[in-house]
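J.: Please find the sequence and the predicted model below.
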Protein chains: 2
Amino acid sequence: MKDKMLKLKEMIHEICDINSAIALLGWDQQTYMPRGGAEDRAFQTSTLSHISHIKSTSQELGTLIAELKNSLDGMAPDSDDACLIKVAAREYDKKTKVPAKFVAKFSELTAMAQTVWEEAREKSDFKIFQPYLEKIVAMQKEYASFFPPSAHVYDILLDDFEPGLKTADVKKIFGELRTTQVELIRAVSERKQINDSFMRQDFDEKKQWDFGVHVISAFGFDWSKGRQDKSAHPFTTGFGLGDTRITTRFLPDYLASSLFSSMHECGHALYEQGIDRKLDRTFLGTGASLAVHESQSRLWENIIGRSMDFWIHFYPELKKYFPSQLSGVSLQDFYRGINRVQPSLVRVESDEATYNLHVMLRFEIEIGLMEGTLDVKDLPEIWNVKMKEYLGVSPENDAEGVLQDVHWSYGSIGYFPTYTLGNLVSAQIWECLERDIPGLHENIRNGKFEEILQWLREKLHRHGSKFKPQELVKRVTGSEITPAPYLRYLDGKYKEIYGIV
Amino acid sequence: MKDKMLKLKEMIHEICDINSAIALLGWDQQTYMPRGGAEDRAFQTSTLSHISHIKSTSQELGTLIAELKNSLDGMAPDSDDACLIKVAAREYDKKTKVPAKFVAKFSELTAMAQTVWEEAREKSDFKIFQPYLEKIVAMQKEYASFFPPSAHVYDILLDDFEPGLKTADVKKIFGELRTTQVELIRAVSERKQINDSFMRQDFDEKKQWDFGVHVISAFGFDWSKGRQDKSAHPFTTGFGLGDTRITTRFLPDYLASSLFSSMHECGHALYEQGIDRKLDRTFLGTGASLAVHESQSRLWENIIGRSMDFWIHFYPELKKYFPSQLSGVSLQDFYRGINRVQPSLVRVESDEATYNLHVMLRFEIEIGLMEGTLDVKDLPEIWNVKMKEYLGVSPENDAEGVLQDVHWSYGSIGYFPTYTLGNLVSAQIWECLERDIPGLHENIRNGKFEEILQWLREKLHRHGSKFKPQELVKRVTGSEITPAPYLRYLDGKYKEIYGIV
């Protein structure tokens, strides 16, 4: 048994090493690669992905996992080894159910679809993208058919991002969320709007960078085990637990973009940096799911990073970086400005209070597509109707409507709900922090985050992906994913800001 | 046959893609990787190297190559396909002669030896490194034993860096070189020494960077197919022919370091950027040998970059970057300063006129070690004796003597002579340029390098490693590697500078 466990780890280490190299190829592509490298980079990535796939689905690995599964009864169920066997079995089972031919065909389709999506968005013409999305939906249905039937066809897709979570769970959660969120937004819209024009001035990039670095260093980002670079779209990646990298981007005339995206990616990175080193180079050495990951980025970016406590400490410092731009702006003005609620067309630019509605709209569309109750060709119209219904705004064209997100062109269906689930979990965790750390607010007002990070590491980070997301959230917060804390958080914060009684 | 050729390319493409990923892991390690990434990076590199080795020595590849070799008679011998078959056969033959166990053991030994060498150099104590170098020499002898006997045991090692070149060739070339070089240095030492103290001032790093970029852009470095970064030791690498990267380093109090190392690495990069794109992702898509590569770096760094013609154009520009530092320094002073000849202890800091003697000393020691006529334990003494004999200087300690180079700790024996061979080839090419480009000197005086680069691309670069180095040098210059042009170049230049009649 011990020998077999060692052999399993050896095989998994090899796969993880290859996957780390693939991640580095991707990081480099988005940060430093000259454009002349693009063609070969595609080949390199594809070659390594193919090797990784072959090794991840080998007969030898399958036999080993099957043998080790027989020993699970004799093992402590939460032990690293037991969890690794279970996760490896799950991954292997999934990967081997899907024919290699399908994987290659889907990969070709989505590579093409991304280029087509770019063109369609540029020309703001959904019809260009429509045939590709139709094929993607068809192939996602085919993908689902490789697995045993589930209560809902969407379950299969969701499971790739949130192992164990069901469509019915998400529907229930979103149902509880929708009414209250829509009500809040309506109430806000009846109040006097906040002026945040001070955010739109010239802000020197170097100073933006330095202030962002100052903030995430205070959060606890470990620079000996990570770095920050620039890229067109901010992201977090890593190549083993000693090297987690984030990126940010700068808008010279908009302060919020780089600052909050640095905090957001730092939240992801703190999670990875906090995973038990013993899980390194295994399938357990990463976050438990997209939702759990997003709970960390949103906690630091929004619940902490957009709180009054935080800015009591950091606003005087920010003013030192930008004295002229912020000279007439009080702490209260600033706090209200960065928390302005304004229903808008584009998800990635939307505020905390409206964000989830963007997600719900996409979730409903995806469900319709997978159920077959909705045709791809009708998406632009449905999109616009739902936008009006949920957010009271209407896109002028497809580019700022149904074509705004890249996800579907990647072939990712089932991804969007994880954003909202992450928001919910961030608030569940926040309530635990308020309960467990007596000086929480004072700490933040003093720019001290050690206790928060310590708590997160101990309760959440170190476990990596040993547990499925619902189980992990329950272990950490005492409850599975639930919307109540997030609604309490939103209500408390925005009724105060907008003076709603 | 056509199918087999396609299959061969497919297999070689895969190996090249993996090797490119390995190169990226290495580039990143030396440029941006946080120190926490070191441990996993070693695993990643080792895993991919292992996979590359397995694929490079597979039975399937061997059979395919053997079959294709039978078709060589019917092919144009200089065609890309014929050259690829020949090079693939050579590589395969070499790689499969060496047992995998030996490769793994040698790799472990040298990984350890590098760490030990660092410690030994730090403490300036050769004895710490001695047992490791003894093992390396023993294993290099064992390595040679895997191959059919050659005229000299050193031939086998040399062949890894300069395919086809023999120890006897190098001995003959070095023999012709030594007397004349020693004489020149003696003559120089009898003249009044040049003052180059102006090089040792404060030079702003950003300005150094910008001027270096200006120069290599003028040389023709293609920024859409490459980039420059900083690293502790300058190097050139690449990940396919569309992405060639160089690095440089800065000494804030010494102008020459970054400037000439940028030009040097740019010379390497121009070679790679000029290789026929059709050879990409094959074993032919890289420089022909280390010596040929070094001929390119030395041509741009020394023959062009330290010429009066070059500085007639660029010195006025350099003065704009550093007006106060260079205010009292005339063009003539500057030119003489950057060409100061001064026998010194350290190879990498040595000038054009003395550099080759550093190399010859190492070559003679390596020959002695491999022949068994010289013991590792005696190296410090022999080193010092030879330094005195060739250069008239004596190291005070091992760190600035026998421990100064990293190469032996890597296990590289047979590498050093390629530096000098590269110098010789650079002068052979220079004489061809003088013959073929009528306006050569005027072009350089005007900062124009297109014709030079065009000539190099047409005659040399585009061929990649289709031909063995001696054959290639003969094709390009009409002669195999020979010291006469380099000696003419040195004599002409330095007798003028030092006023030797």
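T.: Happy to help now that I have it.
J.: Up against chain B, what does the stretch 101-250 of chain A have?
T.: Residues of the stretch 101-250 of chain A found near chain B (CB under 8 Å from any CB of the partner chain) are A:222-227, A:229, A:239-243. Just so you know, the C-beta spots here come from the backbone N, C-alpha and C atoms, and that holds for glycine as well.
J.: packing partners for the helix or strand hosting A:Ser297?
T.: Taking DSSP states H and E as the criterion, A:Ser297 maps to helix A:290-298. In terms of contacts (3 or more CB pairs under 8 Å, 6 or more residues apart in numbering or on different chains; DSSP states H and E), helix A:290-298 is packed against helix A:255-273, helix A:417-436, helix A:469-477.
J.: is it possible to export those helices to a markdown table including mean neighbour count, mean pLDDT and distance to chain B?
T.: As requested, those are arranged in a markdown table below (neighbours: other CB atoms under 10 Å in any protein chain shown; pLDDT from 0 to 100; distance: least, CB to the nearest CB, whole Å):
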| stretch | mean neighbour count | mean pLDDT | distance to chain B |
| --- | --- | --- | --- |
| helix A:255-273 | 25 | 96 | 9 |
| helix A:417-436 | 23 | 98 | 26 |
| helix A:469-477 | 20 | 98 | 24 |
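J.: residues in the stretch 251-400 of chain A within reach of chain B, list them.
T.: So the stretch 251-400 of chain A meets chain B at A:280-281 (CB under 8 Å from any CB).
J.: ok, which stretches of the stretch 251-400 of chain A are helices?
T.: A:255-273, A:290-298, A:308-321, A:331-338, A:352-371, A:379-391 (DSSP state H, counting those that start in this stretch).
J.: who's in contact with A:Ser52?
T.: A:15, A:18-19, A:22 (CB atoms under 8 Å, 6 or more residues apart in numbering or on different chains).
J.: what's the most distant pair in the residues of the stretch 101-250 of chain A next to chain B?
T.: Between any two of those, the greatest separation by CB to CB is 19.1 Å, found for A:Asp229 and A:Leu241.
J.: quick one, which of these two is more surrounded?
T.: Higher neighbour count among A:Asp229 and A:Leu241: A:Leu241, with 24 against 14, using other CB atoms under 10 Å in any protein chain shown.
J.: Got phi/psi on the spatially closest residue to that one that is not a sequence neighbour?
T.: Leaving aside its sequence neighbours, A:Leu241 sits nearest to A:Asp280 (CB to CB, 6 or more residues apart in numbering or on different chains; 4.3 Å). When quoted as degrees, to the nearest 10, the phi and psi of A:Asp280 stand at phi -60, psi 150.
J.: what's the answer for A:Thr237, then?
T.: phi -150, psi 180.
J.: Give me the pLDDT for it.
T.: Here the pLDDT value assigned to A:Thr237 is 98.
J.: same thing with the one 4 residues further on?
T.: pLDDT, A:Leu241: 97.
J.: try A:Ile365
T.: A:Ile365 is given a pLDDT of 97.
J.: show me the residues around it that make contact.
T.: A:374, A:379, A:382-383, A:386.
J.: Dump those into CSV; add neighbour count as well.
T.: Listed next are the contacts of A:Ile365 as CSV, based on neighbours: other CB atoms under 10 Å in any protein chain shown:
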residue, neighbour count
A:Leu374, 17
A:Leu379, 22
A:Ile382, 16
A:Trp383, 21
A:Lys386, 17
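J.: so where's the longest helix in chain A?
T.: Counting by DSSP state H, the longest helix found in chain A is helix A:2-31.
J.: avg pLDDT for it?
T.: On average, helix A:2-31 scores 97.
J.: does any part of it sit near chain B?
T.: Yes: for helix A:2-31 and chain B, the contact criterion (CB under 8 Å from any CB) is met by A:13-14, A:17-18, A:20-21, A:24-25, A:28.
J.: A:Phe314 against A:Gly212, yeah?
T.: No: if you go by CB atoms under 8 Å, A:Phe314 and A:Gly212 don't touch, sitting 11.1 Å apart.
J.: Return every residue with contacts to both of these two.
T.: Contacts common to A:Phe314 and A:Gly212, judged by CB under 8 Å, 6+ apart, are absent.
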